[in-house]
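K.L.:
Any chance you could fold what I've pasted below:
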Amino acid sequence: MNILFVSYWGINEGLTVATVDPHLEVLSGFKHVNKIILTTIEREDKPVRKLNILKVRHISIYSGTSFIDKYRDYTSVPNKLLQLCEEHAVDTIICRGAPAGALGYLVWKKTNIPFYVESFEPHAEYMRESGVWKRWDLRYLLSRYWEEKQKQHAKGLMPVAKNYRKKLISEGVPEDKIMVLPCTVDVDKFKFDQEKRKEVREKLIIKDQTIVGIYVGKYGGMYMDQEAFNLYRQAFDYWHEFYLIILSPEEHHLHIEARVREFKLPSEKVYVQQADHFEIPAYLSSADFAFATYNPGKSKAYLSPIKIGEYWASGLPVVLTKGVGDDAEIITKEHIGVLISNEHLGISCIELEALSNILNNPLLRKQIPVHAKKYRSRKIIGEVYSYFLEVSILFYVILLN
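P.N.:
Numbers count the residues shown, from 1 in each chain. Here you go, the predicted model:
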């Protein structure tokens with residue numbers, strides 16, 4: 001089996017490191033997989049990191065960031081993918097996310113090569129609910145159209161939440177072509193480290209008794225902006241000793257600094273940094289709880305944020321927007337965090353008290369990672385791929401005989 005793996009993200013992006021690399025490692029371990037051609041869409045002409053994964057060859061496809069460039073992604077990029085399919089005798093295509101799935105569908109139309117879409121979500125609705133796209137926006141209309149085509153023609157769909165699997169079945173997608181594959185994490189990599197906790201706290205001059213909250217990610221779009229800083233303000237008001245760590249891309253830092261001033265947060269107790277993915281575990285170990293602040297919306301029930309799995313693996317309870325993915329239900333069921341009400345998008349004194357009670361549990365950091373193993377283990381990747389790809393291999397064997 002020769003696989004073309006299509007990622008719509010660049011090779012250097014954190015999401016690629018966290019969610020694509022592990023899948024390539026699992027795929028390369030299958031005996032019947034001969035080679036994997038990884039294609040990534042690069043928006044900047046700059047050095048890319050080197051992959052060192054058996055059987056995997058990385059090929060960059062360069063594009064820009066303008067509206068015209070994004071449109072060309074679905075005109076010129078499919079032609080480049082067609083060339084790769086021919087050059088490498090590709091017989092299976094795996095796409096990461098619905099935008100990449102659209103490319104897989106366009107290639108399938110001309111080649112009939114079976115394609116699978118993992119992390120399949122209602123991307124168009126995410127963008128519309130978040131205010132990034134309008135209903136009449138060409139990007140929204142095309143994305144919805146291509147998502148429907150993926151539902152019809154993909155050989156297999158791998159949504160990240162059970163909630164979306166139920167929705168797909170209700171829409172008429174056959175059950176046997178849907179397997180849930182949440183965003184998994186390397187539990188050992190993110191496990192709590194007392195020494196790292198001490199190192200980071202000493203570096204940032206944080207007292208042992210200080211409660212530390214952490215947020216990893218961006219602001220705006222799918223993610224809360226002003227509402228998130230309002231939550232931080234409430235946390236500073238509730239705890240006399242509170243410190244906030246924000247790990248966000250560099251381009252967000254000026255915006256974050258402006259919000260800190262706007263909400264009158266004590267700047268000496270707010271640490272803002274851009275961190276590579278391998279640096280994040282140490283910061284998580286230094287924290288006591290984490291924020292996962294998504295803008296509310298019906299489609300958010302179909303998410304599986306990678307950051308929540310990483311937070312859990314480090315033993316952190318999570319402050320999460322109500323209704324996000326399967327995780328909101330898990331947090332309530334397992335008592336490992338608090339949910340922000342969609343009505344006021346704030347955190348009440350009752351919720352803060354509940355969070356404080358959770359933090360007072362001395363066994364907390366040992367108990368929460370158990371849920372990371374249960375709901376976000378890497379072994380799920382192999383189980384789902386085995387379901388789809390071994391069926392495909394059996395089909396080819398029957399066909400050849």
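
K.L.:
ok, G297 touching S130?
P.N.:
Yes - G297 lies in contact with S130 (Cβ atoms under 8 Å); the separation is 7.3 Å. For the C-beta atoms, the positions are set from N, CA and C on the backbone; glycine is no exception.

K.L.:
what about the helices in the stretch 201-350 of the chain?
P.N.:
226-238, 253-262, 280-286, 306-313, 327-334, 349-359 (DSSP state H, counting those that start in this stretch).

K.L.:
JSON lines for those helices, including distance to L15?
P.N.:
JSON lines is the format used below for these (distance: least, Cβ to Cβ, whole Å):
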{"stretch": "helix 226-238", "distance to L15": "20"}
{"stretch": "helix 253-262", "distance to L15": "20"}
{"stretch": "helix 280-286", "distance to L15": "13"}
{"stretch": "helix 306-313", "distance to L15": "7"}
{"stretch": "helix 327-334", "distance to L15": "17"}
{"stretch": "helix 349-359", "distance to L15": "28"}
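
K.L.:
where does the stretch 51-200 of the chain dip in pLDDT?
P.N.:
Counting by pLDDT under 70, the stretch 51-200 of the chain shows low-confidence ranges at 64-65, 67, 69.

K.L.:
What segments of it are helices?
P.N.:
67-72, 76-87, 98-111, 123-129, 138-153, 162-170, 194-204.

K.L.:
Among these, show me which one is buried the most.
P.N.:
helix 98-111 (a mean of 22; mean count of other Cβ atoms under 10 Å).

K.L.:
For that helix, what is the distance to the chain centroid?
P.N.:
21 Å (Cα atoms, centre = their mean, to the nearest Å).

K.L.:
Could I have the CA atoms of that helix written out in CSV?
P.N.:
Extracted in CSV, the C-alpha atoms of helix 98-111 (Å, rounded to 0.1, in the frame of the first residue of the first chain):
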residue,chain,number,x,y,z
ALA,A,98,-12.2,18.6,6.0
PRO,A,99,-10.2,21.3,4.1
ALA,A,100,-7.7,18.6,3.1
GLY,A,101,-10.6,16.2,2.5
ALA,A,102,-11.8,18.5,-0.2
LEU,A,103,-8.5,18.1,-2.0
GLY,A,104,-8.8,14.3,-1.5
TYR,A,105,-12.3,14.4,-3.1
LEU,A,106,-11.1,16.4,-6.1
VAL,A,107,-8.3,13.9,-6.7
TRP,A,108,-10.7,11.0,-6.2
LYS,A,109,-13.0,12.5,-8.9
LYS,A,110,-10.2,12.1,-11.5
THR,A,111,-8.5,8.9,-10.3
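
K.L.:
what comes into contact with it?
P.N.:
With contacts defined as Cβ atoms under 8 Å, 6 or more residues apart in numbering, helix 98-111 is touched by 4, 6-8, 73-74, 77-78, 81-82, 85, 93-95, 113-117, 119-124, 142-143, 146-147, 149-150, 153-154.

K.L.:
What of stretch 322-333?
P.N.:
Here stretch 322-333 makes contact (Cβ under 8 Å, 6+ apart) with 160-163, 182, 292, 294, 296, 298, 300-305, 308, 318, 320-321, 336-342, 371, 375.
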